[in-house]
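Trainee: no sequence on hand, only this structure:
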DNA sequence: ACCAATATGTAGCCTGTGCTACAATTTGGT
DNA sequence: ACCAAATTGTAGCACAGGCTACATATTGGT
Ligand SMILES: [Mn+2]
Ligand SMILES: [Mn+2]
Ligand SMILES: [Mn+2]
Ligand SMILES: [Mn+2]
């Protein structure tokens, strides 16, 4: 009942965002693989993420538990509608973050690298501001 | 021996950054408490972070293992020179991230919130770009 | 058709980061 | 000086997300 300090509230939200991060990256990656290759195999997911296939399979299990993905034994992974919606949101946001970083003057490779972590900590308000900033920037120097 | 894909390298670096994040937040917070209150007690650290005191004490143990902090039984926590250096780096970076977000048009409260997560994924190249962007921005609209 | 290579899945381990419950110590008010 | 409250510390649990080792299934080349 004593007011949670605003700092504690912020840290709590940051922890919550972090807990979502891995699911977001998996959803985005699975959607990419499905679009590019027509299938998303655990081994490919693992190689792209730089983790062992056992780790990937375990996390795919979490995606399934949370209703984001489906798969049958020895078949590839697919996204549920919720998973696809998440992937779309995440892909859009990822690209916007990269674009804003580059617009600010961050070198492309650093922008790609840092966006991979930053993207998970962008609130809706920040997303709107990024979008508006990009439009203004593109309009100001065409 | 086969080239690690660039995507895998990025994800790996993001994981490494995440593993550092908690230490950075603790160092920053302990330095703040020491500066403000003259002491950094586990209970205060816990309350500011919004976690139980047991959790805070365990993480303080990790800071000590990694040479960032010291403490004696039933006394407050102090930073080693390495811990102070980290705290300074993190505080500067945190403020810069907030300033850049606000300059871009992010509302202040969202900027404070999102910076808490974003700050841990800012590479040196991005830090330089942020700094340059802020100078240009401040210079362009004084 | 078969066998080897590949892919998938399982088991079990570790660490980090949360928690609650309980124990021990210190502190402060009377 | 003493007792109660606050603080600190410990024990033990859960879960996420890494790993290796091993088991099982599928695939493809001969
Ligand atoms: Mn990411
Ligand atoms: Mn991404
Ligand atoms: Mn932070
Ligand atoms: Mn911070």
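Mentor: Nice, thanks for sending it over. Note that the structure is a prediction, hence the values are computed from the model and not measured. Numbering: from 1, shown residues only, chains lettered A, B, ... in the order given. Ligands and ions are numbered 1, 2, ... in the order given.
Trainee: does residue A:114 count as helix, strand or coil?
Mentor: Assigned with DSSP: H, G, I helix; E, B strand; the rest coil, residue A:114 falls in the helix class.
Trainee: where does chain A have low pLDDT?
Mentor: A:1-3, A:139-142 (pLDDT under 70).
Trainee: show me where it has its strands.
Mentor: Counting by DSSP state E, chain A has strands at residues A:69-71, A:77-79.
Trainee: need the winner for burial among the ones you listed.
Mentor: strand A:77-79 (a mean of 21; mean count of other C-beta atoms under 10 Å in any protein chain shown). For the C-beta atoms, the positions are set from N, CA and C on the backbone; glycine is no exception.
Trainee: stretch A:91-100 and ligand 1, any residue contact?
Mentor: No. Shown here: stretch A:91-100 not in contact with ligand 1 (C-beta under 5 Å from the ion), separated by at least 6.9 Å.
Trainee: buried set for the longest helix anywhere in chain A?
Mentor: Under DSSP state H, the helix in chain A containing the largest number of residues is helix A:6-37. Buried residues in helix A:6-37, counted by 16 or more other C-beta atoms under 10 Å in any protein chain shown: A:7-8, A:10-11, A:13-14, A:17-18, A:21-34.
Trainee: any idea how far residue A:62 lies from ligand 1?
Mentor: As judged by C-beta to the ion, to the nearest Å, residue A:62 and ligand 1 stand 16 Å apart.
Trainee: same check on residue A:15?
Mentor: With distances taken as C-beta to the ion, residue A:15 is found 16 Å from ligand 1.
Trainee: what does residue A:51 give?
Mentor: In this view, residue A:51 and ligand 1 are 14 Å apart by C-beta to the ion.
Trainee: ditto for residue A:60
Mentor: The spacing between residue A:60 and ligand 1, counted by C-beta to the ion, is 17 Å.
Trainee: pretty sure that residue is touching residue A:42, no?
Mentor: Yes. Proximity of residue A:60 to residue A:42 meets the contact threshold set by C-beta atoms under 8 Å, at 6.4 Å.
Trainee: give me the common contacts of the two.
Mentor: Residues touching both residue A:60 and residue A:42 (C-beta atoms under 8 Å, 6 or more residues apart in numbering or on different chains): residue A:77.
Trainee: now do the contacts for the nearest residue to residue A:66 once chain neighbours are set aside.
Mentor: Nearest residue to residue A:66, sequence neighbours excluded (C-beta to C-beta, 6 or more residues apart in numbering or on different chains): residue A:23, at 6.7 Å. Counting by C-beta under 8 Å, 6+ apart, residue A:23 touches A:62-63, A:66, A:68, A:86.
Trainee: before we move on, what about residue A:101?
Mentor: Listed by C-beta under 8 Å, 6+ apart, the contact set of residue A:101 reads A:110-111, A:114-115, A:118, B:126, B:129.
Trainee: now tabulate the residues you listed in CSV and tack on neighbour count and distance to ligand 1.
Mentor: Shown next, in CSV, are these (neighbours: other C-beta atoms under 10 Å in any protein chain shown; distance: C-beta to the ion, whole Å):
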residue, neighbour count, distance to ligand 1
A:110, 19, 15
A:111, 24, 13
A:114, 26, 10
A:115, 26, 7
A:118, 26, 8
B:126, 25, 15
B:129, 22, 20
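Trainee: around DNA strand D, pick out the residues from chain A.
Mentor: A:19, A:21-22, A:49-52, A:54-55, A:58-59, A:62, A:73-74 (C-beta under 7 Å from any atom of the strand).
Trainee: please repeat the previous calculation with a cut-off of 6 Å.
Mentor: Applying C-beta under 6 Å from any atom of the strand, we find that chain A lies next to DNA strand D at A:22, A:51-52, A:54-55, A:58-59, A:62, A:74.
Trainee: domain ranges for chain A, per the record?
Mentor: Recorded structural domains for chain A (assignment: automatic domain parsing) are A:4-79, A:84-137.
Trainee: in a markdown table, list those domains along with distance to residue B:134.
Mentor: What follows is the domains of chain A, written out as a markdown table (distance: least, C-beta to C-beta, whole Å):
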| stretch | distance to residue B:134 |
| --- | --- |
| domain A:4-79 | 22 |
| domain A:84-137 | 9 |
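Trainee: out of those, which comes closest to DNA strand C?
Mentor: Nearest to DNA strand C, of all the domains of chain A, is domain A:4-79, at 3.1 Å by C-beta to the nearest atom of the strand.
Trainee: so is the closest one next to DNA strand C?
Mentor: Yes. Judged by C-beta under 6 Å from any atom of the strand, domain A:4-79 comes into contact with DNA strand C at A:15, A:41-43, A:53-54, A:57, A:71, A:73-74, A:76.
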